[in-house]
Every structure is written in structure tokens, then in C-alpha cells.
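**Q** Output the structure for:
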Amino acid sequence: MLNVTAPDTATRHPSPVPPDVEQAEAAIVEHYPRLVRLAYLVLPPFLGRHRRVLTAHALAQRALPRGRRSSGGAAQAGLPGQRGTAGSGDAGYAYVRLRVLRSALEAGVPPTFRAWPKRAQLPALLPQVWGLRLFPRSGGAEELALDQWLATLDGPGRAACVLRALERLPEPEVLQVLAAAGVANPAAAVAESGDPVHDALFTSPEFDPCVLQARPTDLLRRRRFARAALAAGAALAVCGALLALPGGGWGDDGAAAPPYARNAASEQALDPGKLIRVQPTLWRTSSRTGFSTWPARGDRADDTGLLRRALAVWARPGKSVVASATPGTPPGPPMGPPQLLFAGAVDQAVVVLLYDGLRVVRYAEPRDGTSVAALDFARTDGASAESATALVLSRVDGNVRYLTAPWVTGAATRDLLKPGEAPTTLKLGPDGVTPPVVSPAPGGNCTGWNALTLTGEGTTRLVTDLGELTAARLTSGAPGSERDVTEGAELGEWSRTACLLASVRSHGVRSVNAWTYAKQTLPEGDGTATWLCSRAETWAGVQDRVQAQFLTPGAPLAAQAAQAEGSPACGPREPRVLAGVLWKSKAGQWYVLAAGSAQFASLSASGGGVSGAATGNRLAVKAPAGAQVELSGRLTDGTKAGVLGRG
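**A** Numbers count the residues shown, from 1 in each chain. Sure, this is the predicted structure:
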């Protein structure tokens, strides 16, 4: 572990008056690694390490204020100001630090339909990295535990920790800086920041976004995407040429952009009278049960004006339309008349849900106007009765309303962190709309995780909100034998891993399966540990996220031992998984613990002063603290395999 003593900043105070731009630039250049580390630690963990790294660098660089250079001193002579000078340099650093802190806190606030997103809430334009995934070096068990604990704090709590641990500010100045950064309750944030006994760990390379490791993205998939992009560009050029032809157009429709040209096929797709409406009982007799069998529901299903606006905005979103799409979802107009799923007033908005066989599209406009609108796209091809259970109608003040499938006859909510508590029954509306359900908090404060149980056709399924238009199904069981979560043991497993669902929010997730792949007797009689694997499958079928988790006896939550993106591990195609951790016994001895799934016949560890091997799929070897160890294993067929994330 690298121990670095941060310079004393006890005399620094946030400066409400912007310093000279040259002075601020000098402060950013001189203290750039500290500013980037501060932003990285305050940013919400659900962004993922790659995006946190890029966002942290962007926030530090954006801290340079707008303005002209100083008109006096060295600036008059055309010379840059002296870097790192005392006095004014302190004020410049305090000012840019405050700007970085404020932006990092804003980045952790989820965007809503009630206001335009702030700049910090949007993905950073610069810097950008193509073809690589960047992340800091991995630390030991202490850093992993600290990272897991930070994920349980909200943004102000993490900011209080960083100001105390990295900036070495006393509590009065921490309160002052938090208040200047816009924190509503600085005292609560300081109280939440916990014991300073582990503050030295904040300087570890685990949290240094300036010392990075790089891994490639999926090379074959990237090549396919490039070819698809070329084909899409050619199609867009053809469509642009057609739209440029002279004609009368369709007329202005609400928040839609002005029309450009007449096109018979496109006009048919935008005709409310051509919308597909299926029979209410089709799902009972259809050979396929998915969104294509949902009937049209809602109190505005016959409102032609509303439906026309929704279709027009879908085809020609104007400047006042806030649009979003889950990863892997094409946001283009419909190829033909789509199917109407819902149209009605929900909370403070009027909502229309449409389905074109590939995507579900949600259109929303205010009840009292049509000049602004929201448009959300979610890929749903291949949906079945297991995955087409519920769609999000609205999100207001941390609550979400769902439209349930027509075969759902009962609904209830349960807190995954409290598996012993009975679920709370929900009363469904006549159209299958749920009451407001508290959504899991998008930040790192995981004190509870709500899920929805949906019953129908003799089956109960467990789903949860991951920030998507579709609810994600939760299952248990080994790959290829996944089953719905209904038993007490399965709920107990999910109670230890539910908080890790925050890392797969807003990634187009279709379902998440979690299962126990090994149990290991801990050295020195410290009990039995559990190794779990969870796989988040996406609708697009690419960039599925896999996590291996380690759970010790008595621990409330599992710790992440390894992760991978786009890997077939822990899935039906490649059900094996191997992961390891550094673990400290109650007596103070460090061990390398590793466990593989049943496909492993032997394991070995080497490097960092460690050398050991074991027959079977579990290994425990004594190790020095902070050891960097390479793990590998051999399968029952003799093939060599590495840990999750390294092949």
C-alpha cells in the first residue's frame, strides 16, 4: 500500500470570489492529481470505474473559471503567473477545489423530467477514450472493504470523508466547504463520514485515477459495430435525401420538429388510425406471450390528438424534446404502424407507450401543455412472458409506477435486504397500473432495495427497477437452470448481493441471475464463506456484466471479488467462474482465498511472495498484507483457465 502524506490544507478556505483565471490555472496544474482523486472518490460508484475516471478528469479540467487574464504584474508583461506561490495560490486552489467538489456532487444527482440536466450530470465530452477501458490499479482487502463502505454513503458523506482524509481539513472547515458546495445538511454528512481510523487508505493507488490500467473492449464486437455504423450512415444519407425532396409535409405536431417532405410509408406509420390494437384476450391463446400480446389500455387510448403528437415526436423529435435510449437501442422512427400499449394521464404527465417489435417507446408530455416532451427508447426484442412483465409509466420524487402485463393478477413489494419480512400487497388499478412504488436509491446509500413480486398464470416473478423503461427480472440458480426467486434461501442470497445491483443500473439490463457457486471453510476455524456469482444479461445481448462476490460469516453484505464486462463466464455458454480475495483472519493472519465453480479440478497461486496449489476448486494460502497474486486453475478436462476478468 502506498502511503502519501497530503500537504496541510488547514489554512485554506473556499473562496466565493473567482480568482484570476491564470491563478486558477496554476492551482489546477500544480494540484491536478489531488483534484482528480477528490472528484473520483466523490462521484457515485454506480457510474462504473471507467466512466468515473474520465468524469473525474473532466471535472478537474472544467474547474478553470471563465474570464480574462489579470491586467497587472507578470500578466501585463505577457508572462504566465508563478506556479505554486504562497498566499494567492492557496486561494486559487480552494476555489478550484470547491468547483470540482460541487460538480462531483451534482453528477451524483439523477436527472429528472422536471428540469434540464446540469452539465456535470451528462457524460463528459472530453477526455474520451476509444477502444479501451481504464481503471485504477486494484488494491488489497482493506481498500476493497473501504470502497464497499464508500458505496453505502451518499455524495455529501463521501465528500466529507475526502475533505477530512485527503485535504486534512478540521471539522469546522469541512462544514464550511460542504455548505459552500451546496450541501443541504453538512453536519449530517460529517456524521455519516464515519471514523477517521482508515483515512490513510484514501491515498492508496486503488483510488488514484491518474495511475491507470487499460484493457481492450470486445474487438470482434467493435468491428461488427463499425460495419453496422457504416450501414446506418448510408441509410441515413438515403433518408436525408428523401426528406429533402419538396412537398407539403405533415404539419406541426406539439414538440415535434418541422416536417420536411411527404412520404407515403412514413405517413402511414404516423397515422393514429393505423395503430395496431390487439384483442384484450389475445395473450390467452397466442403461441408467443410478450409485449406483442398486450392490449391497448389507459383513459386516453382513443385520444387521436395525443396519439398523433406521440407518433410525430417519435419520428421528428424537436429541440424541446428530452430523449434517452438504453444501450444498444436504435432511436430512429418506426418502420411501420406501431402497436399501442397504453395512453393515459399518470401523475403530472400524459403518457403513451408504443411497441414496434424491437423497441418499447415512452412518450410523455405535461398535462397542461404540448410544447415540451420526453421520449424514451428501450430495446425489447425477444421478450417473453418471463421478461415482459412490467413497464415504467412514470418516475416522480423517487417513486415509480408500473404498467403490468395483462396476465398479472397480483402485485406486492418487498425489501430484498429484509428477506424474512412478508411482502406488502399492492392494489392494481383497472388498467394494471400499480400505485407509486419506492424505487431503489440511485446513489451509494443502500439501506434498502425494493423489488416487485408479480403473480399471474400460477407463477410469481421478482423484478426490480434498474433505471430502465423495463423492469429487470431477478432469478437464482446455476446457469441454464435459472428459476424465479421464491424460496427463503434464494431470498437470503439476494439480501447479501442486492446492493451490488447499483453497478448495473442504466445498462439495458433484461435480467440478473445470482447463485452460489462454492462454499469454503475458512482457515483457523473462522467459519464458512460463500462465493456467489451474478450475471446481468442485457436486452442487446452484448456487454453483459458479471460479478463474483465473497461473503464471510456474519457480514451483512457480500464484497465484490472480481468483475468482467462482455464475458461469457457465469452464463449458459460458459458456466465456470473463478475468483480470489485477500482475507484477514480474526488472529490477524492474511490469506489468499480462491474458489472456482464445479468445473475446476485444481487451483494455484503465485507472485507477491505467495506460492501454493490445491486439488479441487478451493484454495487457501498464507500471504503478506497487500500481496499482488496471480491465480489460475485447471478444468476437469485439463484446460487452463484464469480468474474472472482475465480469461
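
**Q** what's the spacing between stretch 423-431 and its chain's center?
**A** On the basis of CA atoms, centre = their mean, to the nearest Å, stretch 423-431 sits 28 Å off its chain's mean C-alpha point.

**Q** quick one, longest strand in this protein?
**A** strand 509-521 (DSSP state E).

**Q** Can you give me the buried ones in it?
**A** For strand 509-521, the buried set under the neighbour-count rule, 16 or more other CB atoms under 10 Å, comprises 509, 510, 511, 512, 513, 514, 515, 516, 517, 518, 520. C-beta coordinates here come from the backbone N, C-alpha and C atoms, glycine included.

**Q** what's near enough to touch the third one?
**A** Looking back up the chat, that one is residue 511. Residue 511 makes contacts with 386, 387, 472, 473, 474, 475, 482, 536, 537, as judged by CB atoms under 8 Å, 6 or more residues apart in numbering.

**Q** Now do the buried residues in whatever helix or strand the last one lives in.
**A** With the criterion set as DSSP states H and E, the secondary-structure element containing residue 537 is strand 528-538. Taking 16+ other CB under 10 Å as the neighbour-count basis, strand 528-538 is seen to contain the buried residues 529, 530, 531, 532, 533, 534, 535, 536, 537, 538.

**Q** low pLDDT regions in the stretch 351-500 of the chain?
**A** Counting by pLDDT under 70, the stretch 351-500 of the chain has low-confidence residues at 442-444.

**Q** Helices along that one, start to end?
**A** For the stretch 351-500 of the chain, the helices defined by DSSP state H, counting those that start in this stretch occupy 488-497.

**Q** Pull the contacting residues for residue 499.
**A** Listed by CB under 8 Å, 6+ apart, the contact partners of residue 499 are 151, 152, 417, 446, 449, 557.

**Q** Most neighbours of all those, which one?
**A** residue 449 (23 neighbours; other CB atoms under 10 Å).

**Q** Distance-wise, check the most centrally placed residue in the chain relative to residue 584.
**A** Nearest to the geometric centre of the chain sits residue 505, at 3.4 Å (CA atoms, centre = their mean). Look at residue 505 and residue 584: by CB to CB, to the nearest Å, they are 31 Å apart.

**Q** Flag the shaky bits of the stretch 51-200 of the chain, pLDDT-wise.
**A** Residues of the stretch 51-200 of the chain meeting the criterion pLDDT under 70: 67-89, 110-121, 123-124, 135.

**Q** At which residues are the helices of it located?
**A** Applying DSSP H, counting those that start in this stretch to the stretch 51-200 of the chain gives helices spanning 88-107, 141-151, 155-165, 171-180, 186-192.

**Q** quick one: contacts of the shortest one?
**A** It refers to helix 186-192. By CB under 8 Å, 6+ apart, the list of residues contacting helix 186-192 reads 153-154, 156-157, 159-160, 164, 171, 174-175, 178-179, 183.

**Q** make it 6 Å
**A** Residues outside helix 186-192 that contact it (CB atoms under 6 Å, 6 or more residues apart in numbering) are 153, 156, 157, 160, 174, 175, 178, 179, 183.

**Q** was I right about the last one contacting residue 155?
**A** No. Counting by CB atoms under 6 Å, residue 183 stays clear of residue 155, with 8.3 Å between them.

**Q** The closest residue to residue 361 other than its chain neighbours: neighbour count?
**A** Leaving out its chain neighbours, the residue that sits closest to residue 361 by CB to CB, 6 or more residues apart in numbering is residue 354, at 4.7 Å. Neighbour count for residue 354, taken as other CB under 10 Å: 23.

**Q** follow-up on the earlier one: ok, and what's touching the very next helix or strand once past the strand holding residue 537?
**A** Going down the chain from strand 528-538, the next helix or strand is strand 545-551, by DSSP H and E. With CB under 6 Å, 6+ apart as the test, strand 545-551 has contacts from 496-497, 504, 530, 532-536, 558-565, 567, 569-570, 577, 579, 581, 644.

**Q** how much distance is there from strand 545-551 to the middle of the chain?
**A** The answer for strand 545-551 is 16 Å, by CA atoms, centre = their mean.

**Q** Could you identify the helix or strand that succeeds it?
**A** That would be, after strand 545-551 and using DSSP H and E, strand 559-565.

**Q** got the angle for that following strand vs strand 528-538?
**A** 30 degrees (axes from the mean of the first three to the mean of the last three CA atoms, to 10 degrees).

**Q** going on from strand 559-565, what's the next piece of helix or strand?
**A** Sequence order places strand 578-584 as the next helix or strand after strand 559-565, per DSSP H and E.

**Q** got the buried residues for that next one?
**A** By neighbour count on 16+ other CB under 10 Å, the buried set for strand 578-584 is 578, 579, 580, 581, 582, 583, 584.

**Q** Mind putting those into JSON lines with distance to residue 233 and pLDDT?
**A** Formatted as JSON lines, the buried residues of strand 578-584 follow (distance: CB to CB, whole Å; pLDDT from 0 to 100):
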{"residue": "578", "distance to residue 233": "42", "pLDDT": "96"}
{"residue": "579", "distance to residue 233": "41", "pLDDT": "95"}
{"residue": "580", "distance to residue 233": "45", "pLDDT": "95"}
{"residue": "581", "distance to residue 233": "46", "pLDDT": "94"}
{"residue": "582", "distance to residue 233": "49", "pLDDT": "94"}
{"residue": "583", "distance to residue 233": "52", "pLDDT": "93"}
{"residue": "584", "distance to residue 233": "55", "pLDDT": "93"}
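
**Q** starting at the chain centroid, how far to the longest strand of the chain?
**A** With CA atoms, centre = their mean, you get 19 Å for strand 509-521.

**Q** and that strand with helix 488-497, angle?
**A** 100 degrees.
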